[in-house]
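1. everything below, folded, please.
(chains A and B)
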Amino acid sequence: MSEAIRVLIVDDHDMLRKGIASFLYSVPDLELIGEASSGSEAIELCAALNPDVVLMDLVMPEMDGVTAIQHIHSRQPDIHIIALSSFAEYDLVKSALKAGALGYILKNVAAEKLAEAIRMAHTGIAPLSPEITANLFNPPESSTQFKLTQREQEVLTLVVEGFSNAEIAFRLSISQFTVKNHVSNILTKLGVASRTDAVRVAIQNNLV
Amino acid sequence: MTENANENEKIILTEDFESLDLLHKLKVVVDTIPQRIFWKNVRSEWVWANASFVSDTGVNSLKDLLGKNDLFSDRAWTRDQAEAFIRDDREVFETGKSKLNIIEPQRRSDGSYAWLHTNKVPLFDADGNVIGLIGTYEDISERTQEEIVLRRHQHMLETIFNHVPVAIFWKDRQSRFLGCNAYFAERTGMSPSEIVGKSEYDMPWTAEQAEQYIADDQAIIESEEPRLNYIEQMRQADGKLVWVRSNKVPLYDAAGNVTGTLATYYDITEQIEASEELRRARRAAEAERQRLARDLHDAVSQTLWTASLIADVLPTVWEQDREKGEQNLRQLRQLTQGALAEMRMLLLELRPASLEETGLHELLNQLAEATMSRKEIDIVVSAEPTDLPTDVKIGLYRITQEALNNISRHARANRAMIDLKSTGMGLMLQITDNGRGFDLNQPSPERMGLGIMQERAATIQATLTIDSIISQGTTITIKWTPKRMEPSQ
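-> Model (predicted):
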């Protein structure tokens, strides 16, 4: 049997690290070589231990995962990093992959699949949870698609928050007539007939 | 007598007995007319009076009045009134001029009050010296009562018109101002008279607004429909942008034609700002709740995932290494218990009412348990049930939550203690850890959390002190005393 894959785990959740440690212990071809509870600790341990694969949590105090990935990837590009997170938000996934993570696995993965993901990463194939793949090909529509002006964007945000035209006029220090104009332009651009529909479309498309 | 009331025609009295005799003859006439007539010397003493006057004073005959003045008795009128009558007399004596059309109250001998229409005319001797006066008065109570009521109404309307914090103005069909009250004038930076004849374009607001106001007027003039209770924004002369609630109604002439518009508005900026403030506060509270719920939800799912990961591999581990397997089982138990604690916290946070219903000692225990399910840390809680005002309880709970957050994120401690005990009148809450400590004078992530805790302590009027020794740990002490024992509580 070939040499075991040397794995470093990074997570601020102590019990979770323990759990992953137990899991790695049970898989013969995977070897736990170190644990870090923050991004900065991860950078130190990577430099010291040069692991094959890093399982990196993203939301951590002191230094977050994305920053740590950037550091490690730029200094030790051979280390394959898997972002291990409970969040599937498009922006977070994108920034982790952009920073140099090879894969992105959600914290709902079964033990077997996690082992597989580590093996894949070791050979340089990007492991992605199915939800993440789906998300990556369906990025949330942004306001640029509807070509809203900055002012219209501001007005839309206030409409979604439930402000009336008069209140929006007051907050933006513009006249009610101008607000009325902005709102009707927004309705046209979003292709809807009412304020309520505008709010719905805005929320569905992450416009605010 | 009316001739005598003429100021230019002075009555000349001589020692001539014929003149006196004439007066005696006239007495018959003057005693029968409704006017009261009296004659006073320069000391304001009555020299003569007609019968109706005598009767008004409540005495039996003229003789009882002669040589006396208005102060003779408080039966006829009050002392204040008498003094006022004498003051008027003196004015007539000193100026030598008549005092006409005095409208004054008088208490009748029966106790009721009458309104009098009084005239006082000076009497001169041959050398032009004032030697007395002739006075007449008439009871005009009925007439005056109506006038007083009318005048009062008018005065009240004027007072309201000029002091009510509502702008009132009216315009002709061409939207030219015809009048306004003081409040409106002040907001335009003009006087009420300056406004007359001005157009909307002469006002401090923008041309766009002026146009809109004129369009509003025209719509009302054409449709003859009032426009009521609408909110709009306007620029005052002082540059302030205010919110107002407005009303505009058509004005008609006697023939029923619309002659213009009457408008009122009042400032509701404060209400609008207050409701915004409230909404902002609510949104902030809601955002805080969402964040907590999200954090807790994340914590619960991570804990459960870890448990499932361990359960997944447990059979294999058990086969390989029984001791390791038993260790995994213990972990599994700890994780599921932790998940339960976190679920309870989540429910508490999602239902603020339940947070209010739960005792502080119980909340502290749950906080400790939830923290222990994530971190390898042993937290001992020593807390007795306490009876605290809700805001104090929630405040202490939030401080503890923040302190435990700090400990699990930054302190690298493996032991912590939460100690809640009563101290006579109040209580003391201590959260101690054996972590790496920090320098209170150096910026650190811990210090940000401390700021939040200090703020929370200040809101419930508690004092919060921090002791931290590098590599030995941190102690946070919160002391709270009820402001004063209210006797009713």
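
2. could you chop chain A up by domain?
-> According to automatic domain parsing, chain A comprises the domains A:5-137, A:143-204.

3. now residue B:244, what's its secondary structure?
-> Three-state call for residue B:244 (DSSP: H, G, I helix; E, B strand; the rest coil): strand.

4. just checking, it touches residue B:235?
-> No: applying C-beta atoms under 8 Å as the test, residue B:244 and residue B:235 come out as separate, 10.9 Å apart. (Glycine included, C-beta is placed from N, CA and C.)

5. if you count what's nearby, which of the two comes out ahead?
-> Neighbour tally, residue B:244 and residue B:235, criterion other C-beta atoms under 10 Å in any protein chain shown: the higher count belongs to residue B:244, 19 against 16.

6. dump the residue contacts of that one.
-> Residue B:244 makes contact with B:167, B:231-234, B:265-268 under the criterion C-beta atoms under 8 Å, 6 or more residues apart in numbering or on different chains.

7. ok, now residue B:443?
-> Residues near residue B:443 by C-beta under 8 Å, 6+ apart: none.

8. then residue B:184?
-> The contact partners of residue B:184, by C-beta under 8 Å, 6+ apart, come to B:167-169, B:192, B:195.

9. redo that, cut-off 7 Å
-> Contacts were defined as C-beta atoms under 7 Å, 6 or more residues apart in numbering or on different chains; by that measure residue B:184 touches B:167-169.

10. which of those sits closest to chain A?
-> residue B:167 (18.1 Å; C-beta to the nearest C-beta).

11. now the nearest residue in space to that closest one that is not next to it in sequence: how far from chain A?
-> Closest residue in space to residue B:167, ignoring its immediate chain neighbours: residue B:184 at 3.7 Å, by C-beta to C-beta, 6 or more residues apart in numbering or on different chains. Distance, residue B:184 to chain A, using C-beta to the nearest C-beta, to the nearest Å: 21 Å.

12. and residue B:88, by the same measure?
-> Distance of residue B:88 to chain A, computed by C-beta to the nearest C-beta: 61 Å.

13. residue contacts, that residue?
-> The contact partners of residue B:88, taken as C-beta under 7 Å, 6+ apart, are B:99, B:102, B:120.

14. ok, so of those residues, who is nearest chain A?
-> The closest of the contacts of residue B:88 to chain A turns out to be residue B:102 (C-beta to the nearest C-beta; 57.8 Å).

15. by neighbour count, which of the contacts of residue B:184 wins?
-> residue B:167 (22 neighbours).

16. if we can go back for a sec, lowest-confidence one in the contacts of residue B:88?
-> Minimum pLDDT for the contacts of residue B:88 is recorded at residue B:102 (86).

17. now for that one: which residues touch it?
-> Taking C-beta under 7 Å, 6+ apart as the criterion, residue B:102 is in contact with B:88, B:118.

18. what about the helices in chain A?
-> If DSSP state H is used as the criterion, the helices of chain A fall at A:14-26, A:39-49, A:65-75, A:90-99, A:111-122, A:130-137, A:143-146, A:150-160, A:165-172, A:176-190, A:195-204.

19. most tightly packed of those?
-> Per residue and on average, the most neighbours among the helices of chain A fall to helix A:14-26, with a mean of 22 (mean count of other C-beta atoms under 10 Å in any protein chain shown).

20. by contact count, what packs against that one?
-> Contacts defined by 3 or more C-beta pairs under 7 Å, 6 or more residues apart in numbering or on different chains; DSSP states H and E place helix A:14-26 against strand A:5-10, strand A:30-36, helix B:269-320, helix B:322-350.

21. which non-adjacent residue is nearest the residue nearest the centre of chain A?
-> In chain A, the C-alpha nearest the mean C-alpha coordinate belongs to residue A:92, at 1.7 Å (C-alpha atoms, centre = their mean). Excluding the flanking residues, the one nearest residue A:92 by C-beta to C-beta, 6+ apart is residue A:58, at 6.3 Å.

22. for that neighbour, give its distance to residue B:309.
-> From residue A:58 across to residue B:309, the span is 18 Å (C-beta to C-beta, to the nearest Å).

23. let me know the pLDDT of the closest residue to residue A:195 other than its chain neighbours.
-> Closest residue to residue A:195 apart from its sequence neighbours, by C-beta to C-beta, 6+ apart: residue A:159 at 6.1 Å. Here, the pLDDT recorded for residue A:159 equals 85.

24. surely residue A:159 touches residue A:196?
-> No: taking C-beta atoms under 7 Å as the definition, residue A:159 is not a contact partner of residue A:196, at 9.8 Å.

25. contact residues of chain A facing chain B?
-> Residues of chain A found near chain B (C-beta under 7 Å from any C-beta of the partner chain) are A:12-16, A:18-20, A:22-23, A:25-26, A:61-62, A:86, A:107-108, A:110-111, A:166-167, A:169-170, A:173, A:175-176.

26. returning to that earlier point: state the distance from the residue nearest to residue A:92 to residue A:129.
-> Distance, residue A:58 to residue A:129, by C-beta to C-beta: 13 Å.

27. next: residue B:101.
-> Relative to residue A:129, residue B:101 is positioned 102 Å away (C-beta to C-beta).

28. again with residue A:100
-> Counting by C-beta to C-beta, the gap from residue A:100 to residue A:129 is 18 Å.

29. do residue B:173 as well
-> Distance, residue B:173 to residue A:129, by C-beta to C-beta: 74 Å.

30. more neighbours, those two?
-> The neighbour count for residue B:173 versus residue A:129, taken as other C-beta under 10 Å, is higher for residue A:129 (21 against 15).

31. for the more buried one, phi and psi?
-> When read as degrees, to the nearest 10, the backbone of residue A:129 gives phi -70, psi 150.

32. ok, now how distant is the residue nearest to residue A:195 from residue B:275?
-> 17 Å.

33. look up phi and psi at the residue of the stretch 1-150 of chain B at minimum distance from chain A.
-> Nearest residue of the stretch 1-150 of chain B to chain A: residue B:150, at 42.6 Å (C-beta to the nearest C-beta). As for residue B:150, its main-chain torsions (degrees, to the nearest 10) stand at phi -60, psi -50.

34. now swap in residue B:103 and tell me
-> Per-residue torsions, residue B:103: phi -100, psi 120 (degrees, to the nearest 10).

35. and the residue nearest to it when sequence neighbours are not counted, how many neighbours does it have?
-> Residue nearest to residue B:103 in three dimensions, not counting chain neighbours: residue B:117, with 6.0 Å by C-beta to C-beta, 6+ apart. Neighbourhood size, residue B:117 [other C-beta under 10 Å]: 18.

36. quick check: what element follows the helix or strand where residue B:117 lies along the chain?
-> Applying DSSP states H and E as the criterion places residue B:117 in strand B:113-124. Per DSSP H and E, strand B:113-124 leads on to strand B:130-139 as the next helix or strand towards the C-terminus.

37. pull the CA atoms of that next one into CSV?
-> The C-alpha coordinates for strand B:130-139 follow below in CSV (Å, rounded to 0.1, in the frame of the first residue of the first chain):
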residue,chain,number,x,y,z
VAL,B,130,-64.0,122.8,37.2
ILE,B,131,-66.4,122.7,40.0
GLY,B,132,-67.9,119.2,39.5
LEU,B,133,-69.4,117.0,36.9
ILE,B,134,-72.7,115.7,35.6
GLY,B,135,-72.8,112.0,35.1
THR,B,136,-75.4,109.9,33.2
TYR,B,137,-75.6,106.2,32.7
GLU,B,138,-77.9,103.7,31.1
ASP,B,139,-78.2,100.0,31.8
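
38. which other residues reach it?
-> Here strand B:130-139 makes contact (C-beta under 7 Å, 6+ apart) with B:1, B:4, B:11, B:13, B:34-42, B:47, B:89, B:92-93, B:96, B:114, B:116-125.
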